[in-house]
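J.: using only what follows, build the 3D model:
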Amino acid sequence: MSTNIPVQWNLKLLGYWCLERDHQPVTVAFRQQRLIAALALRGGRRRCYIAGLLWPDRTDAQASGSLRACLWNIAHQLPGLLHPVSDPLALCPGIIIDVDQLLGRVDLADSGVAVPPGLAAELRAAELLPGWDEDWLRADQDRLFRQRLSTLETLADTYLADGQLPAALDAATAAVALDPLLESVQRTLLRVHLAAGNHGLAIRSYRTYLTTLKRECGVRPSARITELIRPLLQTPEPLLPEPSPGFGVGLRPSYE
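T.: Numbers count the residues shown, from 1 in each chain. Below you'll find the predicted structure:
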């Protein structure tokens, strides 16, 4: 008696594209990659929605024709990947998508149930399909970026409150790497350094932020962040160098 063993599909969208069938990578043309990624990120959708999403510059008839060609290729080259129901379109049940797995671990952390090991490092590296120049994808990339940043900030604050300073430093450093101009993550990083007694690192982080903020935005940090570092800046020994001629900004905070 024959048995039908279901195919295990694994889809990776974080860092790079990869589709595996029974843990073996398969080759997929870029046109099909776009369709598979859209279904993975947006879920089951009507054909007209997917056609308009992926081919917005074509007529409805042209977009529908491109979609049909894509679906035909997937059905013949990757049988079983798509849900049998033809409209709405969806990937098969049971497919493992790394974005969904990451968001599941984020939900665990946000709920306070548990923080999966290595989550901060994973969030730092979890860039969604880098290098893809797709208008429809930018909303998904922005959404995931905000989720990553928010979770890293929450992790850093939680670890800091619990006295887990190495873990707090990992999360705060990862958040700063994602958005070095965001003052809230810079404040968190300074608080971690100060709690650990790492005054030198605190001043170095402040200097870097001050310089970056002036260069990129032409502004100075707010009083909320300078208040954190002010006691260290008022020591008898000057800790911040005088600005070079023509730099146009002093490195000492303004107290106005």
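
J.: ok, Thr151 - contacts?
T.: The contact partners of Thr151, by C-beta atoms under 8 Å, 6 or more residues apart in numbering, come to Val106, Ala109, Asp110, Leu119, Leu123. Just so you know, the C-beta spots here come from the backbone N, C-alpha and C atoms, and that holds for glycine as well.

J.: right, I mislabeled it, should have said Val115
T.: Counting by C-beta under 8 Å, 6+ apart, Val115 makes contact with Leu108, Ala109, Leu155, Thr158.

J.: apply 6 Å and report the result again.
T.: Val115 sits next to Ala109 when contact means C-beta atoms under 6 Å, 6 or more residues apart in numbering.

J.: quick check: pLDDT value at the closest residue to Arg187 other than its chain neighbours.
T.: Spatial nearest neighbour of Arg187, chain neighbours left out: Ile225 (5.2 Å); criterion: C-beta to C-beta, 6 or more residues apart in numbering. Among the per-residue scores, Ile225 shows a pLDDT of 91.

J.: report how many residues lie close to Ile225.
T.: Residues lying near Ile225 (other C-beta atoms under 10 Å) number 21.

J.: flag the shaky bits of the stretch 151-256 of the chain, pLDDT-wise.
T.: Where the stretch 151-256 of the chain drops to pLDDT under 70, the residues are 234-256.

J.: show me where it has its helices.
T.: For the stretch 151-256 of the chain, applying DSSP state H, counting those that start in this stretch gives helices covering 165-178, 183-195, 199-217, 223-233.

J.: can the ones you listed go into JSON lines with extra columns for distance to Ile95?
T.: Supplementary listing: the helices of the stretch 151-256 of the chain in JSON lines, determined by distance: least, C-beta to C-beta, whole Å:
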{"stretch": "helix 165-178", "distance to Ile95": "28"}
{"stretch": "helix 183-195", "distance to Ile95": "34"}
{"stretch": "helix 199-217", "distance to Ile95": "41"}
{"stretch": "helix 223-233", "distance to Ile95": "45"}
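
J.: export stretch 218-226 to PDB, keeping only CA atoms.
T.: C-alpha atoms of stretch 218-226 as PDB (Å, rounded to 0.1, in the frame of the first residue of the first chain):
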ATOM      1  CA  GLY A 218      22.100  69.600  11.900                       C
ATOM      2  CA  VAL A 219      20.700  69.600  15.400                       C
ATOM      3  CA  ARG A 220      21.900  68.800  18.900                       C
ATOM      4  CA  PRO A 221      20.600  66.200  21.400                       C
ATOM      5  CA  SER A 222      17.700  67.100  23.600                       C
ATOM      6  CA  ALA A 223      18.100  67.900  27.300                       C
ATOM      7  CA  ARG A 224      16.800  64.400  28.200                       C
ATOM      8  CA  ILE A 225      19.900  62.800  26.900                       C
ATOM      9  CA  THR A 226      22.400  65.400  28.000                       C
END
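
J.: chain center to it, what's the gap?
T.: Distance of stretch 218-226 from the chain centroid (C-alpha atoms, centre = their mean, to the nearest Å) equals 26 Å.
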